[in-house]
Every structure is written in C-alpha cells, then in structure tokens.
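Chemist: compute the structure for the input listed below.
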Amino acid sequence: MNVLLIGGGGREHALAWKLKQSPLGLNLFLAPGNAGMAALGQNVALETTDHQAVVRFCQDNAVELVVIGPEAPLVAGLVDDLAAHDIAAFGPRKAAARLEGSKSFTKQLCAQYGIPTAAYRHFNAPEPAKAYVRQQGAPIVVKADGLAAGKGVTVAESVAAAEQAIEDCFAGVYGKAGATVVIEEHLSGEEASFFALTDGRHILPLATAQDHKRAFDHDQGPNTGGMGAYSPAPVMSEALTAQVMAEIIEPTVRAMADLGTPYTGVLYAGLMITADGPKLIEYNVRFGDPECQVLMMRLQSDLYPLMKACSEGRLDQMAAQFSPEAAMTVVMAAKGYPGSYEKGSVIRGVEAAAEGENVEIFHAGTARGPNGELLASGGRVLNITTRAPTIRQAHELAYKRLALIDWPEGFYRTDIGWRALARDEQKA
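Modeler: Coordinates of the predicted model:
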C-alpha cells in the first residue's frame, strides 16, 4: 500500500517511523522529507502548495492515503481537493481546519457552545485593541488570529508589552496572520496538551503531553515552535481527562457537525488546568511538534488503520493502546533560533547517540552534504526521543544521548520535563 506523507519536520519523521512499523508493509512517499526520513521511504520533490500536482502524484502512484503533517496545507484546503478526486486523506477539510486557522472562529464557537475558555475580544485595527488592553490591564495575552508557526502569541506582563505585540501584528511581523488580533484573559494554572482522533462523529481519546515553548532554560526567552515535550502529562488525571472529553472535545466535535463542517483527523487541545477546571487555550488541527514525537514513542497500536478509519467514518471500530511508560523528546536547534540562524553546519555523532533500545532521533531541519555528511538546514534540527519506565529515567537517557552529539552550532534546553520531575520529587 502506498502512502504519501506531507511534511519534513520532526513530527513527520515520527509519523513515518510509526507508519513504517505497520505489518501491512506500507510504501512511503515523503514530501519533502528530510535526511533522517530518507531511510524510511522515498523523499520526493513535490510542490505541496500546488494541490493539483499532489492529486496527479497520488493518481500516478496509486496512493491509498495522504497523511498531512503540518497545519498550512489543511487550512489551505488540500483535503478538499484530494476528496474531489476520491483520494483519501487524514486531516480536516478547510472549513473544519478553521479551528486552528482562525482563533477568533474558535473563540466564537466556544462562546456559542459553552466550551470553557479564556474571556476574549478580537480586533481588526490597532487603536481599539490598545484601548481594550489599557482597560483590562496586564498580564494579558495577545494572539495573531491566523497561522504564525507557533510564534504569534505574546503573554504580555505589562500594558506596554501588549501594545508592542499589537503593533507587531498589525505591522505584518506575522504576515496575514496578524491582520486580526485576538486579546485574551491571562489564565493561571498548568498547561497540558490533549489529543484525540475523530471521524466527525466518533471520538477516540489518545494521550496527553506537555511541551516547552520558551527557547531557554527556566522558561525564559522568546516563544518557539517547541523545545521539548514529554508524555503522559502527570497533571492529567483520569477524572480530568474525562472532564476534558465531556466539556471540551465532545462539544467541539458536535458543534462542527452542527455547522455542517464535520471535523476529521486528530484534534489537539492546548489546555490550561485552572483552579476552576480545564479551559481551552487553543486548538491545533494536527499533531503537535514535538508532542507527536513522544506520542508515537508510546503508541503500541498500528497507526495506519487508525488514520484510515478517521477518513472512512469507522473510528467506532478502533482502539488505541499506549505504553504505560514515559517518553521525552529534547529538541536541538540552531543557535539564533527562533530568530536568524546559520544553515549548513555539520552534525556528528547522531548514529552513536541513536544506538540501543528506547532511543530514536527524529530529524527536522536536516539535509545531506555532497559527501554524505549530515547538515543543519533549519531552526529546529534534531529531536532526541526516549522511553523509560519513569519520566526521570527518560530524562536521564535523553541527556546522556545528547552528550554524544557533536554540533557546536546547536543548542538545547537542559531542563525539559522540569515540572514533571519536580512533581516526582514531591511524591518521594
């Protein structure tokens, strides 16, 4: 069976790694893939923004399922164009992908259906937005409404910082994503990520994770796409999980069906666990990155049938099993990320670091040089991912393997999992 996997980051490497384990013997086309993914399938130079080119590739290569990793092709309607040619895809259609593509859409949906979230207003011009911030005070959260690669959110500790964030959005720092700004109440509590599959009617809860958005230790520095993650999230008890399903996930899936835009694929809820219970921070319409890496490390079920069932409305016939062990991933990024950074530096020691059981190194921004050497070609470059009986053991294993990688031009956080480790110490 032929599968086309769209994307070339750490998330997509983890998905390809898991799909390749299927006993169905999948043949993977990876567009564009990366240096690490090349060992799992065929990297193809396919312009994925050209939807008709993707359709032709699928027809020419008898592709049975298209797995779309990143959010941008989903928001752009790639699933719709594939469906028009009877090509199955894992992911939501354009109208449903608004859950991530427009924060104001999601906020309005939450208000209409009573889904708990932060109080908010949205604005199409800077001055009314600034006036609202001055009225509300700080801390307060400023978000670009559209897709901004995880970088369009500012948790402003002062009114001045919020006003600067508003100016940045309307000045085009985040492109078209900032043409509308959502300003939210600042929620206090512990963040967690919750993942579920849905075929538009049936819902299959998957697992939980926690990530680290800030670039540097102690949650300092600018927001990034994510510098590390671990799963499961210790804060998410069985009772909290049931509450999230009942109050957030299930009402959202029902709401999307009511609107005539049923949601299919993976639904990723970013949550704040407050004193008043769980509240939705935002939705993502794809697996997180780097959360996907730890989820795939724990998933024991065959991924392909789960994805196919989502596309065919058969999810009620499926189950997903996860290892009870903990998984952790630590991101190695190019110095300067999430700002400007150099490309082309040589990375050594990856093969040695990946040896043994319960360790996988998922590539993100990598390429091969003319002599086969591994080169950094992006901001987030490698994901050192481990699994162990406890979060502390997964942490220790990850950092031991990190020490084997020789890449002076890279950096990483040394405190991934700190919250879970602190919780562990309190129990001891």
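
Chemist: got a pLDDT number for Gly189?
Modeler: The pLDDT attached to Gly189 in the predicted structure is 94.

Chemist: what sits closest to it if chain neighbours are left out?
Modeler: Thr274 (4.0 Å; C-beta to C-beta, 6 or more residues apart in numbering). Every residue, glycine included, has its C-beta placed from N, CA and C.

Chemist: got a list of what the one you found touches?
Modeler: Contacts of Thr274 were listed using C-beta atoms under 8 Å, 6 or more residues apart in numbering, and they are 187-189.

Chemist: ok, Gly101 next?
Modeler: 71, 74-75, 146-147, 285.

Chemist: now, of the residues you listed, which are buried?
Modeler: Buried by 16 or more other C-beta atoms under 10 Å: 71, 74-75, 146-147, 285, out of the contacts of Gly101.

Chemist: among these, which ones are in helices?
Modeler: Residues of the buried ones among the contacts of Gly101 located in helices (DSSP state H): 71, 74-75.

Chemist: what are the boundaries of the strands in the stretch 301-428 of the chain?
Modeler: 326-334, 346-347, 359-363, 366-368, 374-376, 380-388, 410-411 (DSSP state E, counting those that start in this stretch).

Chemist: name the helix or strand for Val266, please.
Modeler: Under the criterion of DSSP states H and E, Val266 resides in strand 265-274.

Chemist: before we move on, back to that, out of the ones in helices among the buried ones among the contacts of Gly101, which is nearest to Thr208?
Modeler: Glu71 (20.2 Å; C-beta to C-beta).

Chemist: state the distance from that closest one to Gly101.
Modeler: 7 Å (C-beta to C-beta, to the nearest Å).

Chemist: pull the number of nearby residues for Thr403.
Modeler: No, residue 403 isn't Thr; it's Ala. 9 (other C-beta atoms under 10 Å).

Chemist: also Pro92?
Modeler: 31.

Chemist: show me the contacts for it.
Modeler: By C-beta under 8 Å, 6+ apart, the neighbours of Pro92 are 74, 79, 99, 263-265, 285.

Chemist: can you rerun that using 10 Å?
Modeler: Neighbour list for Pro92: 68, 71, 74-75, 79-80, 98-101, 198, 200, 256, 261-267, 285-286, 310 [criterion: C-beta atoms under 10 Å, 6 or more residues apart in numbering].

Chemist: go on, Arg56?
Modeler: Counted by C-beta under 10 Å, 6+ apart, Arg56 has contacts 46, 50, 85.

Chemist: now the buried members of these.
Modeler: Buried, going by 16+ other C-beta under 10 Å: Leu46, out of the contacts of Arg56.

Chemist: nearest to Leu15, of the contacts of Arg56?
Modeler: Nearest to Leu15 among these is Leu46, at 16.6 Å by C-beta to C-beta.

Chemist: that closest one: what secondary structure?
Modeler: Counting by DSSP: H, G, I helix; E, B strand; the rest coil, the backbone at Leu46 sits in coil.

Chemist: I'd say it and Phe29 touch.
Modeler: Yes. Counting by C-beta atoms under 10 Å, Leu46 does reach Phe29; the two are 8.0 Å apart.

Chemist: shared neighbours of these two, anything?
Modeler: Residues touching both Leu46 and Phe29 by C-beta under 10 Å, 6+ apart: 4, 6, 57-58.

Chemist: go through those residues and flag which are in helices.
Modeler: Those of the shared contacts of Leu46 and Phe29 lying in helices (DSSP H): 57-58.

Chemist: in TSV, list the shared contacts of Leu46 and Phe29 along with pLDDT, distance to Ala118 and neighbour count.
Modeler: Putting these into TSV (pLDDT from 0 to 100; distance: C-beta to C-beta, whole Å; neighbours: other C-beta atoms under 10 Å) gives the following:
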residue	pLDDT	distance to Ala118	neighbour count
Leu4	98	38	26
Ile6	98	32	24
Phe57	98	42	20
Cys58	98	40	23
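
Chemist: ok so, going back, quick one: which of the contacts of Thr274 is nearest Gly25?
Modeler: Gly189 (45.2 Å).

Chemist: so which of the strands of the stretch 301-428 of the chain comes closest to Leu40?
Modeler: Checking those against Leu40 by C-beta to C-beta gives strand 359-363 as the closest, at 10.5 Å.

Chemist: so which of the strands of the stretch 301-428 of the chain is the most packed in?
Modeler: Ranked by mean neighbour count, those are led by strand 326-334 with a mean of 28 (mean count of other C-beta atoms under 10 Å).

Chemist: what is the mean pLDDT for stretch 197-217?
Modeler: What stretch 197-217 shows for mean pLDDT is 97.

Chemist: report pLDDT for the nearest residue to Gln59 once chain neighbours are set aside.
Modeler: Among residues not flanking Gln59 along the chain, His85 sits closest, at 7.1 Å (C-beta to C-beta, 6+ apart). Looking at His85, its pLDDT is 98.
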